[in-house]
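**Student:** Based on what follows, work out the 3D shape:
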Amino acid sequence: MPETKNIDIKVEITDNSPEVISALRTAVGRALWAMGAKAEGYAKANETRVDTGRLRNSITHQETDNATHIGTNVEYAAAHELGTSRGITPLHYLQNAVANHSDEYRQVVKDSLANV
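**Tutor:** Numbering: from 1, shown residues only. Model prediction:
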């Protein structure tokens, strides 16, 4: 009869989910900031009606927990973005800064998450 031996096996399970969640939040925040900075640059380049530069200089971006916002607080910005019935043609400088670069923004997110 063959000889039997006892084998002791010890299994340890470590929960690293807090570190993973933290790394994901950091990566998402980094991606949101990068997308906002790119969109801000595109919007400033698209805002072509420059007299004083006030509107262009006021365009900025801000990140919240789960979004990037791009805009301006200049009172006549909406007239330049959307146009008016009084002859101001729409530039869509904010809309185009976001909509025309979706592939680039997608790549920013992929690159950011690849480092997690």
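**Student:** What segments of the chain are helices?
**Tutor:** Using DSSP state H, the helices of the chain run over 17-46, 54-58, 77-82, 93-99, 102-114.
**Student:** Now do the last one and helix 17-46, the angle between them.
**Tutor:** What it means is helix 102-114. 150 degrees (axes from the mean of the first three to the mean of the last three Cα atoms, to 10 degrees).
**Student:** quick one: low-confidence ranges for this structure?
**Tutor:** The model of the chain has pLDDT under 70 over residues 1.
**Student:** quick one on the thing from earlier: mean neighbour count and distance to residue 4 for the helices of the chain - can I get that in JSON lines?
**Tutor:** Glycine gets a C-beta too; all of them are placed from N, C-alpha and C. Converted to JSON lines, the helices of the chain look like this (neighbours: other Cβ atoms under 10 Å; distance: least, Cβ to Cβ, whole Å):
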{"stretch": "helix 17-46", "mean neighbour count": "16", "distance to residue 4": "40"}
{"stretch": "helix 54-58", "mean neighbour count": "16", "distance to residue 4": "80"}
{"stretch": "helix 77-82", "mean neighbour count": "17", "distance to residue 4": "80"}
{"stretch": "helix 93-99", "mean neighbour count": "18", "distance to residue 4": "69"}
{"stretch": "helix 102-114", "mean neighbour count": "13", "distance to residue 4": "49"}
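**Student:** With distance to residue 69 as new columns, can those helices be given to me in CSV?
**Tutor:** Putting the helices of the chain into CSV (distance: least, Cβ to Cβ, whole Å) gives the following:
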stretch, distance to residue 69
helix 17-46, 8
helix 54-58, 14
helix 77-82, 14
helix 93-99, 10
helix 102-114, 14
